[in-house]
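>>> predicted structure and sequence below. I'll ask about it afterward.
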Amino acid sequence: MQEKNEIKNHIIKIGVFVVAIVVLGISLSYAYFTANGGGQADITDTNAAIFEVTSTLKDSTVIQNNKMALIDASDIKTKAEKVEFSVTNSNNSTVNANYQIHLTNIILSKNLYSEYFKWELVKKVGTEETLITNGTFENAKRLDTPVDGEGDKAETTVEEMILNTDPILIAKNTTDQLIFRLWLENDPDQSQIDLTEGQFKGILKIEATPVK
């Protein structure tokens with residue numbers, strides 16, 4: 001019980017660095033086509049189209065917090081670390097688009113493969129929020145090979161995560177406002193001392209494709 005009380009009053013020393021960049025933001029002429037049942041492209045049936053999707057992700061405020069604290073589930077909206085950004089399918093586009101948000105270049109210390117290290121992606125309209133998807137890092141897939149004798153806080157590389165496996169459809173001349181949140185969730189019934197002095201790094205990116 002003493003250990004539980006100590007951790008609840010202790011600042012969690014975890015390095016969190018989310019570099020918000022965008023890999024898409026160029027205008028191009030796109031010739032779309034219809035694929036046949038065999039999966040081969042029928043390039044004889046093409047139409048010229050303009051596909052222009054941009055984002056403010058590259059200009060968003062970066063998460064940079066070396067003393068991340070445990071927060072209650074009721075405080076996620078106000079206290080969780082976040083990156084706010086928009087995705088726009090411009091009025092120059094002549095096609096709709098699907099897009100997905102990825103978390104890539106992930107470095108995660110072993111003690112943060114945890115059900116308590118959580119994230120969510122939401123869409124915001126005015127002051128209202130709609131959850132798109134959420135998850136934890138409990139089942140993150142490690143890419144590098146464990147080293148004999150490595151500690152519980154050893155840094156590991158993690159497989160890229162597609163946050164929304166179901167692509168988001170964005171119509172022409174439309175802007176979506178999005179928020180990515182990241183937090184350590186408090187559990188008053190558990191000792192969470194093992195979450196201290198962890199490390200996380202990652203890059204948010206957007207990938208979009210035109211929709212006929």
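On my side now, so go ahead. Note that the coordinates shown come from a computational prediction; the quantities given were computed from them, not determined experimentally. Numbers count the residues shown, from 1 in each chain.
>>> for residue 113, see how far away residue 156 is.
Distance, residue 156 to residue 113, using Cβ to Cβ, to the nearest Å: 8 Å. No exception for glycine: its C-beta is placed from N, CA and C like everyone else's.
>>> where do the contact lists of those two overlap?
Shared contacts of residue 156 and residue 113, defined by Cβ atoms under 8 Å, 6 or more residues apart in numbering, comprise residue 142.
>>> tell me the buried residues in the strand or helix carrying residue 207?
Element membership for residue 207 (DSSP states H and E) is strand 199-211. The neighbour-count check on strand 199-211 (16 or more other Cβ atoms under 10 Å) flags 199, 200, 201, 202, 203, 204, 205, 206, 208, 210 as buried.
>>> before we move on, what about stretch 103-119?
Residues of stretch 103-119 classed as buried under the neighbour-count rule (16+ other Cβ under 10 Å) are 103, 106, 108-114, 116-119.
>>> now those residues as a markdown table including distance to residue 61, secondary structure and pLDDT?
Shown next, in a markdown table, are the buried residues of stretch 103-119 (distance: Cβ to Cβ, whole Å; DSSP: H, G, I helix; E, B strand; the rest coil; pLDDT from 0 to 100):
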| residue | distance to residue 61 | secondary structure | pLDDT |
| --- | --- | --- | --- |
| 103 | 17 | strand | 94 |
| 106 | 20 | strand | 94 |
| 108 | 22 | strand | 93 |
| 109 | 24 | strand | 92 |
| 110 | 29 | helix | 94 |
| 111 | 27 | helix | 92 |
| 112 | 22 | helix | 93 |
| 113 | 27 | coil | 96 |
| 114 | 25 | coil | 95 |
| 116 | 24 | coil | 95 |
| 117 | 21 | strand | 95 |
| 118 | 20 | strand | 96 |
| 119 | 17 | strand | 97 |
